[in-house]
Structures are given as structure tokens and as C-alpha cells.
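Visitor: Pasting the sequence and the predicted model now:
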Amino acid sequence: MEFQFHPASRRAAVRSVVLGERGERAAIAAAGLVSVMAVSLWITVPAVLSRAVRARQSASIAQTTAAVQKDRRDLEARAAGMRERALDAGDLVSRAAFLYRVAPALWPHSLNPEAGVLATSDPELLVPGLARYLSGLERGLGLVAGREAADPALAAATPSILPLASDLVEPAVRFGPRVSPWTGSEEFFAGMDLAAPAGAPVVAPAAGTVVFAGRVPASMNSRLWRFGNLVVLWHGPAGATAFGHLAKVDVRRGERVRRGSRLGTVGSSGWTMSPGLHYEFWRPGPDGLSPTDPRFAMLDLRLAGHDVSLEKMLATSAPAPLEPLPGTGR
């Protein structure tokens, strides 16, 4: 086998390479090897490149997915926070409406928990619900503001704050039916026991007149004597409040007090195992004064659960008959 190499210039000599039998076999083998390598590269290089591209795409997709998921979690957290703040505002304005005797027929239905306006946690569904709830809040605030404008003395005389000047307060016994720890029998607890440090100031939740200050005489038919040192305030159309288990009484009958005025101190007089305040809120109704859940008259106490509507508050009262508060004549 002979190979000739012709130079570009005609003057240059033509070069020839002559291969013998062994050279021919080597050349043929080399050519075959080159062909095999070319075919192999033609197959493997695209596959390798494809895998590399897919790996980069997968990493990019995973990164994008993680970022989208994080944004979704952040959005859900912000939506949940907005929902919680809206429900807290709804609880607050609904309790104010209850205390101010706003007619249920006028009250925005969207603020009632049973309406389920903010029942979902899905941000996409929550947005229209928040818009509807905000509209209800604005209408509710307008009704409450209208009641205050019509009666300038209403706010000052309406019990609306926690009756303790202490940050260390914990609800111990709530309003409602229970088994008495003293008698073991079923009874209706017509107030609320607040655990607090001994000696903490007990303050008036609204302006009023002291109609009783002292101890109720012990009697088999009386429940009030169990509360030891007791103070009762009369708030006019807003009703009456009672404060029991006091260690010291700092007011006297007939005295006028303002919201925040000191009535006495937390103690353990009467039937109690530890220092605390027994607090009752009696509200006028069709049949006269009757106790209702004092939480409704503590606007500075957050309600958990967001399950109390205006209608439910109006329907909450202790079953009659109950011993009337001394000094109220009711």
C-alpha cells in the first residue's frame, strides 16, 4: 500500500509512503479503532451532556420548589396572623356591644363565629373573608361609637377592665356549673375566681357607688358569706359587681368610686384555700339583675377560642333563683 502526499506548490517534490503487509494491517487496525471511538463518542457524549443538563435542571427545580414552599409558608403565617388579629378585634368589639346593649338585630352577622367568615386558613380563601370581616368590624365599631355618643357617661360607668392592679393574675375557677370542692355537690358558680398575690390591689372596673362593704352573716341559705370580706358596687344601668375574699376593705358604704379606684386587697377570707379574688358581674335583664360571665366585662383580657358571639353572651346567665347581692335590692 502506497500513500502519496502532494504539496501545494508544484515545485515541491511529491512524497510517497509505502506500507508493507504489517504496516497495512496496523493502519487498518488504527482506522477501525478510530471509527469505534468516534461511534462511542457519538453515543456517549450526548448521553453525558443530557445527564448533566438534567442534573442542573433538577437542582434548579428543587431550589425553585424550596423557595416557593418557603414563600407559601411565609404567606400562610402572615395570613394566620392577620386572621388572629381580626378575630381578637371582633371579640373585643362584640363584648363592647354586649356591655353597651347594642340590639342583636343591628349587629353584623359576619362577626358571629357561627357565620364562619374566617373559618378557613387557606390564604386564597381567607382574603375575601378578611374583607367581609373588616366591613363587619367597621359597622360594629360604628354602632358602639354611636352608643357612646348618645350617652357620654356610659363608658365610665360600664365595667370593662380586670379588677386587679397586678400582672400576676390567673383565672382559677370560671363561670358555670361545677362540683363544689367544699360540699361535693353540683352547683352553679356565678362568678370567677382570679388567683393573684396576697395584698395585690383590687380596683373598681368602672365608676359606681359602694352599696355593701363587709361580711354577709353566715346562713345555710346564703352563698355570699363564703366569700369573706365582700364589696359590692352599683353601676346604675350597667349593673353591679362584687368582690370577695378580700384581706382588707378600703371603701365604705355610700362612697363613690371611679374606674381604677382601690377597693381593697387580695386575701383569703372566707372559703378559699389560697389568695385570690372572687369576682361577679350582675347585669340587668327582663327579670332583674342576674350574674353573667365576668370575662365579658374584662376587655383587657383576651378570649381564647373566638367562639363567643353577641347572641351567646346575651344568652349566658346563671340559673335563677340566686341570692341577690346585698345593697342592690334586686
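Guide: Arrived safely. Numbers count the residues shown, from 1 in each chain.
Visitor: what ranges do the strands span in the stretch 51-200 of the chain?
Guide: Applying DSSP state E, counting those that start in this stretch to the stretch 51-200 of the chain gives strands spanning 170-173, 176-179, 186-189, 192-195.
Visitor: and residue 101, which of those is closest to it?
Guide: With C-beta to C-beta as the criterion, residue 101 lies closest to strand 192-195 of the strands of the stretch 51-200 of the chain, at 21.5 Å. Backbone N, C-alpha and C define where each C-beta goes, glycine included.
Visitor: partners of that closest one in the sheet?
Guide: strand 170-173 (antiparallel), strand 276-285 (antiparallel) (DSSP bridges).
Visitor: Let me see the contact set for residue 218.
Guide: Taking C-beta atoms under 8 Å, 6 or more residues apart in numbering, we find residue 218 in contact with residue 225.
Visitor: Wasn't it part of a strand?
Guide: No: using DSSP: H, G, I helix; E, B strand; the rest coil, the assignment for residue 218 is coil, not a strand.
Visitor: for the stretch 1-150 of the chain, which spans come out with low pLDDT?
Guide: 1-49, 71, 75 (pLDDT under 70).
Visitor: what do you get if the cut-off is 90, keeping everything else the same?
Guide: 1-83, 114, 119-127 (pLDDT under 90).
Visitor: circling back: mind checking the strands of the stretch 51-200 of the chain for the one nearest to residue 286?
Guide: strand 186-189 (19.2 Å).
Visitor: which parts of the closest one are buried?
Guide: By neighbour count with 16 or more other C-beta atoms under 10 Å, strand 186-189 contains the buried residues residue 189.
Visitor: mind saving the C-alpha coords of that strand as PDB?
Guide: Extracted as PDB, the C-alpha positions of strand 186-189 are listed here (Å, rounded to 0.1, in the frame of the first residue of the first chain):
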ATOM      1  CA  GLU A 186     -73.200  20.100  91.900                       C
ATOM      2  CA  GLU A 187     -73.600  23.900  91.900                       C
ATOM      3  CA  PHE A 188     -73.500  26.800  89.500                       C
ATOM      4  CA  PHE A 189     -70.500  29.100  90.100                       C
END
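Visitor: Could you list every helix and strand that it packs against?
Guide: Judged by 3 or more C-beta pairs under 8 Å, 6 or more residues apart in numbering; DSSP states H and E, the packing partners of strand 186-189 are strand 176-179.
Visitor: Can I get the strand it packs on in CSV, CA atoms only?
Guide: Extracted in CSV, the C-alpha atoms of strand 176-179 (Å, rounded to 0.1, in the frame of the first residue of the first chain):
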residue,chain,number,x,y,z
GLY,A,176,-70.6,27.9,85.0
PRO,A,177,-71.6,24.6,86.5
ARG,A,178,-69.2,22.6,88.6
VAL,A,179,-68.8,20.2,91.6
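Visitor: quick one: strands adjacent to it?
Guide: strand 186-189 (antiparallel).
Visitor: Off-centre distance for the strand it pairs with?
Guide: 30 Å (C-alpha atoms, centre = their mean, to the nearest Å).
Visitor: How about stretch 296-312?
Guide: So, by C-alpha atoms, centre = their mean, the centroid of stretch 296-312 is 12 Å from its chain's centroid.
Visitor: Can I get it in PDB, CA atoms only?
Guide: These are the backbone C-alpha positions of stretch 296-312, laid out as PDB (Å, rounded to 0.1, in the frame of the first residue of the first chain):
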ATOM      1  CA  PHE A 296     -67.400  39.600  79.000                       C
ATOM      2  CA  ALA A 297     -66.700  42.700  81.200                       C
ATOM      3  CA  MET A 298     -62.900  42.400  81.000                       C
ATOM      4  CA  LEU A 299     -62.000  44.000  77.700                       C
ATOM      5  CA  ASP A 300     -58.300  43.800  78.600                       C
ATOM      6  CA  LEU A 301     -58.500  40.000  79.000                       C
ATOM      7  CA  ARG A 302     -58.100  38.200  75.700                       C
ATOM      8  CA  LEU A 303     -60.700  35.500  75.000                       C
ATOM      9  CA  ALA A 304     -59.300  32.200  73.700                       C
ATOM     10  CA  GLY A 305     -61.200  30.200  71.100                       C
ATOM     11  CA  HIS A 306     -63.000  33.100  69.400                       C
ATOM     12  CA  ASP A 307     -66.300  31.300  69.900                       C
ATOM     13  CA  VAL A 308     -68.400  33.900  71.800                       C
ATOM     14  CA  SER A 309     -71.000  35.800  69.700                       C
ATOM     15  CA  LEU A 310     -73.200  38.600  70.800                       C
ATOM     16  CA  GLU A 311     -76.200  36.300  70.900                       C
ATOM     17  CA  LYS A 312     -74.300  33.800  73.000                       C
END
